[in-house]
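Asker: I would like the atomic coordinates for the input below:
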Amino acid sequence: MGNTRKTDLERFIPEVWYWAVRSRSPRNDSALNILFVPNPDGTPRGRDNRTRTFEGIRKWGIMPSSASKKHHRRKFDLVEVVDAHPEFVGTARVMRTPFWSLLRSAPCDLATARSLVDDCLALFSLQRASMSDAIIILTETVRTAPEELRRGLRADHVSDFEVMLQQATSNIPLGLDLLCLFGAMYREACLSFLPSEAEVLGHYFSITLAQICDEDWTSRVRNRLERYARQRVLYGMSDYCSPSESAESNMEDMWEGPSLVVR
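Answerer: Residues are numbered from 1 along each chain as shown. Prediction:
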């Protein structure tokens with residue numbers, strides 16, 4: 001049997017990484033190949049024997065070799081090698097972000113959504129707030145930011161949940177990891193029948209997505225990135241539902257646990 005045909009999303013992910021790399025330097029594909037893909041013995045390649053590694057990533061969405069994706073001719077982690085170069089520090093995060101797991105997972109899978117939320121919280125050193133923690137935080141918030149001074153999505157009302165969300169995420173840098181946090185929490189809130197929280201999280205997800213798509217490095221991929229994010233997260237396209245999901249899910253499990261976060 002041959003290799004399983006890759007989905008459009010699986011081809012899109014390395015392309016996003018490719019354009020994140022290209023945005024950092026004026027080097028073209030040829031120069032990147034020479035810089036980062038040496039001969040099998042480790043000696044540098046020249047223009048006469050360079051590979052077409054970066055062309056393959058750009059044109060056909062070939063996954064670059066990494067710790068989880070081995071290459072039959074390359075024994076090194078191309079993603080990490082590129083990230084280690086001073087000009088490209090941080091680009092590995094585009095490939096490593098849990099956002100891709102959010103897009104891959106079925107929109108009606110509550111357990112996976114919760115797991116993704118927990119992974120994102122750990123990534124940002126956040127944690128779920130107990131009821132007592134929430135009361136303490138909100139009491140302190142009233143002292144430092146009375147309701148009449150709060151700013152939120154709606155001019156007429158700012159919920160306690162939105163206040164806590166703002167406090168918890170205000171210093172997190174813009175990126176796909178933050179987008180994943182809002183998206184996973186949105187999915188969890190929807191599946192837990194928490195419409196007020198879901199409304200806030202959906203807005204935060206949309207705002208963050210728009211900000212990322214406005215950045216220069218996403219110019220070649222922003223339309224597809226926005227389409228994948230909206231279809232698979234906000235709209236929960238039914239095509240992505242796992243066949244194992246059923247309407248007989250344990251409703252008690254869907255209510256279990258708080259969803260607020262604190263530092």
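Asker: Domains in the chain, by residue range?
Answerer: Domain assignment of the chain by automatic domain parsing yields the ranges 8-95, 99-241+250-262.
Asker: could I get these as CSV with mean pLDDT and mean neighbour count?
Answerer: C-beta: built from backbone N, CA, C; applies to glycine. Below are those laid out as CSV (pLDDT from 0 to 100; neighbours: other CB atoms under 10 Å):
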stretch, mean pLDDT, mean neighbour count
domain 8-95, 84, 16
domain 99-241+250-262, 82, 17
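Asker: quick one: the helices in the stretch 151-263 of the chain?
Answerer: Using DSSP state H, counting those that start in this stretch, the helices found in the stretch 151-263 of the chain span residues 160-169, 176-191, 195-213, 222-229, 251-255.
Asker: show me where this protein has strands.
Answerer: With DSSP state E applied, the chain shows strands at 127-128, 261-262, listed in chain order.
Asker: how close does residue 21 get to residue 190?
Answerer: Taking CB to CB, to the nearest Å as the criterion, residue 21 is separated from residue 190 by 35 Å.
Asker: nope, residue 174 is what I meant
Answerer: Per CB to CB, residue 174 is found 24 Å from residue 190.
Asker: same thing with residue 56?
Answerer: Here the distance between residue 56 and residue 190 works out to 38 Å (CB to CB).
Asker: got a list of what the most centrally placed residue in the chain touches?
Answerer: The residue lying closest to the centre of the chain (CA atoms, centre = their mean) is residue 99, at 2.4 Å. Under the criterion of CB atoms under 8 Å, 6 or more residues apart in numbering, the neighbours of residue 99 are 176-177, 179-180, 183.
Asker: go again using 7 Å as the cut-off
Answerer: Taking CB atoms under 7 Å, 6 or more residues apart in numbering, we find residue 99 in contact with 176-177, 179-180.
Asker: How about residue 23?
Answerer: For residue 23, the residues meeting the contact criterion (CB under 7 Å, 6+ apart) are 216-217.
Asker: tell me the contacts of residue 54?
Answerer: The neighbourhood of residue 54, defined by CB under 7 Å, 6+ apart, consists of 18, 29, 32-33.
Asker: Show me which pair in those is furthest apart.
Answerer: With distances taken as CB to CB, the most widely separated pair in the contacts of residue 54 is 18 and 33, at 12.1 Å.
Asker: Check the gap between residue 185 and residue 234 for me.
Answerer: Residue 185 sits 13 Å away from residue 234, taking CB to CB as the criterion.
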